[in-house]
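Enquirer: Sharing a model that was predicted from the sequence below.
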Amino acid sequence: MPFLGGDISPLMLSVQNLDQSILRVKIGAPDRWEVPQDRLFTSTAKGTLQGSPKYTLQYSASPFIFAVSRSDGSSTEPLFNTGGSRLVFKDQYLEISSKILSTTTLYGLGEHTSSTGFALRRDGQPYTLWTRDQPPNVPNLNSYSSHPFIMDVRKGGTCGQAHGVLLLNSNGIDVVLTKTKMQFRAIGGVLDLYFFMGPTPLEVLAQLTSIIGRPVMPPYWSMGLQQSKNGYLTLDYCERVVQNYTLSGIPLETFVTDIPYMNHLQIFTLSTDYPLPEFQAFVKRLHAANQRWVPILDPQVHIKEGYEPYDTGIQQNVFVKDIAGGNYVGQLWPGAVHYPDFFNNATVSWWTSLIQGLHNQLPFDGLWIDMNEASNFCTGDVCSDPGNIEDNTDFVCLLSCSDGTSAAGSNAAGLPSAGIFNPPYLINNNGTQLDIKTKTLPVSARHADGTLEYNAHNVYGLSMAIATTQALKTVRQKRPFTLTRSTFVGSGAYAAHWTGDTASSWDDLKWGPGMMMANGMSGNAFIGGDICGFQFVATEELCARWAAAGAWQPFARNHHAEGFQEFYLYPNVSAVAKKVFTWRLRVMPYLYTAFYDAHTFGCSIMRPLFFSFPGDAASYNIDQQWMLGDALMVAPIMTQGTSTTSAYFPSGVWYNLYDHTTITGGRSQTVMANLTDNTPVFILGGNIIPVGPNGSVTTTAARAGNITLVAAMPAANSPWFDRCGQECAGKSQPGNLVACGHMYLDQGEELSVGTSLNNYLSFEVRLTGSTSVGLQGNMALNWPGAPGGGQGSGCTANVTWPMLTAITILGSGPVNTASVSVTEVGNQFSADSAFAATGMVQAQSTAPPVTAADGSGSIVSYGLPMPKGNVAYNSVTNKLSITVLDYQLRCPNGLKVTWSSPVVAQPNDAAG
C-alpha cells in the first residue's frame, strides 16, 4: 500500500493489565501523538492487576497477530482476533481489524443518527469520527462528537456475554463493520486499545468509565425542566415566557438564554435589548422563585480592539495559532474571530477570569457551551479579516482564506509534513470524503504545546468543557452545571450533553432515544435532546408526544429556533407537559439517586432494555423504550396518529406507575396513552422507589415535600435482572421474595458528593412464606453508609431528610391489616418525636437492646400500633397501603414494618 506512505518501523508493543477485567494493548512508535489522558480523564482504575485476570492475550511476533479471549473459557471464540488480517502503521494511516461473529450484536460509537435501528450497521459503510457542526437530522453522517468505543453483546445464558473495545485515538477515524469483521482506520496517532471483559453490559460500562471518568454528578436543580430558544430578542420577551409558564402551572426550573442576549453576538457582553439593571432584576426574580438562569457561551472571540476578551486574549497569548504563526482567524456569529486554545493553562485562567466577570454582573447558575467542534463559517489554513464584517447568522464566509504551504511564507521550514493538507487516506467525512478542514479549525493550526489540530481536533470540545467546569467551580464554589455540544469519550465526567439541532419531525423524535442510549454507553449519562425539535416548528401532536418522552430522559430542555413552540402555546401540549413534568419532579428523589449511582459505579441512566436483561435477545434491538435507572421502564407513543404502541416487557412482573396495575412480562403488549395522558411508565418488580408529592413546580419545592416509598415485589418466577452497582441482599425465589432500593440525598449543590452516613438510606422488603406458616412480610429502612466510604463517618447535620408519609407494597399478597406493625429503631429520639403528632401510641419494645452501628449506645425500639384507617389492603390490585405515617426520616434511626397474611398462602400468588 505505498500510496498510503511508508511503513513506520520499528513499532513498540505495550501490554498493561490494568485490572482483572481491563486489558490495554498499545501499538505505537516514538514521538507519535497520543491522547493526553492525564489532562483529559479522571480515571479511577486501579492500574495494577489484583487477582487472576479474566482475559488471556496470545500473540505472534511474525507475522504479528494477537487475540484476546476470556480466561474462563466461557466464550469459544476470541473477543478480539487480528488473525487473517493486516496490521498497517504509517504516518497518516493506521489500520487494525478483528474477526467477529456474525451472530453478535454491536453497539456504541456514541453520536450518530440511524434510520435502521439502535444496533450498529454491518454493511461495510464507514462510521466516521470527526467532530463537526452537522445537525443529526440526516442519518449516518458524522456529527458533533467522537466516541471510538464499541460494545459487543453475545447471546447465551441468563446474563448473556458482553465486552467492550475502546480505540483511544483522537484523530479522524473510519470504523468499518461487516458480518465478520471490525476494522478501525485512523489517520494518525497510535493504536491504543482497551478491552473490557464485562461480562454484563453494565459491567462493561463500569470498566470503561473507570478509565475515562465516571459520569458527572449534577446539581439537583439541573434535572428540572429548562426552557430556551434562539430568538428571544428582548429581555421583555424572556419575562413573558417565564410568566406564562407560571400561569400554565407547567413546572419550569431554568431559563436559558441563547446568543441574542449578547451585544452584536459577542461573548461576555450584553445587548442593549437586555439592559443590565433589568437583567439583574430578572435573574433576582428567578432566584427568588427558586428558579435558575443559564446563559450560552461560544468559544469564538470577536476580533475587535477595545473588546475585553479580545484585548486580554492578545495580551495573554491564549489563541490557537495558524500555520504562519499568527492567531488563527475564522468567522462565526460576531464576525471575524479567534479561537481560545484550551490546551494552554494560561487560556484556562483567562477563561475563568472572564466567567468571573460575567458572574459578578449576573449571577448565573450554570453555563451552556456551543459551537465547540469547533465551528467555523470559513475554510482555510490562513484567513484574513477585512475589518468590516458585521455580526450575522447566515453561515456565509466573508473572509479571504488561503490553503496549505502557500500560506506559510517565510516559516516554510517549520511546516508539518505536506501530507497534513491532503492525507493519503480520506475518511468518509460528511459521507462524501469531504476535506476535514471544511468549516472548522484547519488541521494545520497549532496549540500552545505544539500539538497540531490534525491530532487534537476531536478533543477541542472536551478541552473547553473541562476549562468551563473548572471555572464554574472556582467562580461559584458550588457543583457545576456545564452543557456541551461537542464531546469525546470522557466528556461525561465534566458536562451534560444534548443531541444538537434536531428537526421537528417524527423521524427525529424516534431516532433520539437510540442516539441518547449510545451516548450513555460512552459515559455521557446526563444526556437529552431538544424537546419538540430545534429546526422548523413542531405540530401540536408531535410536540405533545415529544414532551411526554422528553420528561423521562436524563436531561430535559425545550429549545428551538424557528417560530415558537413553548409548551404552554398548545392546549394539548400544555395539558400533557403539566402532567409529565410534575411527575418528573415527583420521581426526582429516584432520579437523583440514579445520577449518584452513575457517578459512583459508572453506569448510564437512560439504558437499553438489554442492560437490565442481557440474556434476553428479544430486547437487543429495542430503541424506542428504555430503562430509566434500575427500576423504571419508559414506553412512550412516538408514532403519528395513534394512541397505542406495542411495548416489550421482559420476563418478570411490571407495575403501572400511576394505577399500579400489573403486567406479566416475557411478551409484547399494547399500551395506550391519549395525547394528554401521562407517559406509559412501569416499575420493575424487585425494586423500591421513593416518590415525592404532587403539585411541586420547582426542584426546591419537591425536595421539601414528603415522600412515599413504593415497593414493587417480584413474582415467584421472576428472572434475575442487572442493577447499577449493588444487588439486593439475596435473590428472590419461591417462598422468599425480595425487593430493594435506596435513596441518596445531599444539599444538592455542594462541590463534594456526600459520604456521611446520612447521605444514603436503603430499603428492603422480604416476603417469606409456606403452606404451613402462611405469608410474612418484613420491610426495613436503614443507613448503611454511602458506597465508597460513608459507613464509618457517622451522621451529620448537613442534610435534612423529608417526611415519610406513606408506604405502598405492590404485590404484597393477602394481608391481615390488624397484623401490620411499624417500629422505629434508633437511639436519637424522644417521647415527643414525630410520631406523637400522628396520634400513634408509643410503647417500649420488648426486644432486647442492641449496640448501634457506630458504637454510640443501645438502640431503643418503639412499637407503633397504627391507628384505625391508616392501613388498607386492596385484594383486586394486591396492594398494601400504609398512610398518614408522617415519620421524619433521620439518621441513624431505622424503621421496621411487619405484616402477615390472614390465611395460608404462597408469596405473591396474585402478582405471579
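Expert: Cool, the structure landed.

Enquirer: contacts and neighbour counts: CA atoms only from here.
Expert: Will do.

Enquirer: so how many other residues sit close to the residue nearest to Leu233 when sequence neighbours are not counted?
Expert: For Leu233, ignoring the flanking residues on the chain, the nearest one in space by C-alpha to C-alpha, 6 or more residues apart in numbering is Pro260 at 5.6 Å. Residues near Pro260, counting by other C-alpha atoms under 10 Å, number 21.

Enquirer: Leu94 and Phe64, how far apart?
Expert: Leu94 is 15 Å from Phe64, where distance means C-alpha to C-alpha, to the nearest Å.

Enquirer: ok, now Thr755?
Expert: Counting by C-alpha to C-alpha, the gap from Thr755 to Phe64 is 49 Å.

Enquirer: same question, Leu276
Expert: 66 Å.

Enquirer: try Trp293
Expert: 57 Å.

Enquirer: what about those two, which has more around it?
Expert: The neighbour count for Trp293 versus Phe64, taken as other C-alpha under 10 Å, is higher for Trp293 (22 against 12).

Enquirer: which SS class is the more buried one?
Expert: What DSSP: H, G, I helix; E, B strand; the rest coil gives for Trp293 is strand.

Enquirer: so it sits right up against Val283, yeah?
Expert: Yes. Using C-alpha atoms under 8 Å, Trp293 is in contact with Val283, at 6.6 Å.

Enquirer: Need the overlap of contacts for these two.
Expert: Common neighbours of Trp293 and Val283, counting by C-alpha atoms under 8 Å, 6 or more residues apart in numbering, are Phe364.

Enquirer: and Cys543, backbone torsions?
Expert: Here is the backbone geometry of Cys543 (degrees, to the nearest 10): phi -70, psi -40.

Enquirer: which residues does the closest residue to it other than its chain neighbours contact?
Expert: Residue nearest to Cys543 in three dimensions, not counting chain neighbours: Cys532, with 4.7 Å by C-alpha to C-alpha, 6+ apart. For Cys532, the contact set (C-alpha under 8 Å, 6+ apart) comprises Ser504, Leu509, Ala538, Leu542, Cys543, Ala544, Trp546, Ala547, Asn558, His559, His560, Gln565.

Enquirer: Ala577 versus Cys532, what's the distance?
Expert: Separation of Cys532 from Ala577 (C-alpha to C-alpha) stands at 12 Å.

Enquirer: anything in contact with each of the two?
Expert: Common contact partners of Cys532 and Ala577 (C-alpha under 8 Å, 6+ apart): Ala544, Ala547.

Enquirer: still on that earlier bit, mind checking which of the contacts of Cys532 are in helices?
Expert: Counted as lying in helices by DSSP state H, out of the contacts of Cys532, are Leu509, Leu542, Cys543, Ala544, Trp546, Ala547.

Enquirer: among the contacts of Cys532, which ones are buried?
Expert: Buried by 16 or more other C-alpha atoms under 10 Å: Ser504, Leu509, Ala538, Leu542, Cys543, Ala544, Trp546, Ala547, Asn558, His559, His560, Gln565, out of the contacts of Cys532.

Enquirer: mind giving me TSV with those residues and columns for pLDDT and distance to Gly124?
Expert: Output for the buried ones among the contacts of Cys532, formatted as TSV (pLDDT from 0 to 100; distance: C-alpha to C-alpha, whole Å):
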residue	pLDDT	distance to Gly124
Ser504	98	30
Leu509	98	27
Ala538	98	35
Leu542	99	34
Cys543	99	36
Ala544	99	38
Trp546	99	33
Ala547	99	36
Asn558	99	37
His559	98	36
His560	97	35
Gln565	96	40
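
Enquirer: Which parts of the stretch 301-450 of the chain are helices?
Expert: Using DSSP state H, counting those that start in this stretch, the helices of the stretch 301-450 of the chain run over residues 308-316, 345-361.

Enquirer: how about the closest residue to Pro126 other than its chain neighbours, secondary structure?
Expert: Excluding its sequence neighbours, the residue lying closest to Pro126 (C-alpha to C-alpha, 6+ apart) is Val176, at 4.7 Å. Counting by three-state DSSP, the backbone at Val176 sits in strand.
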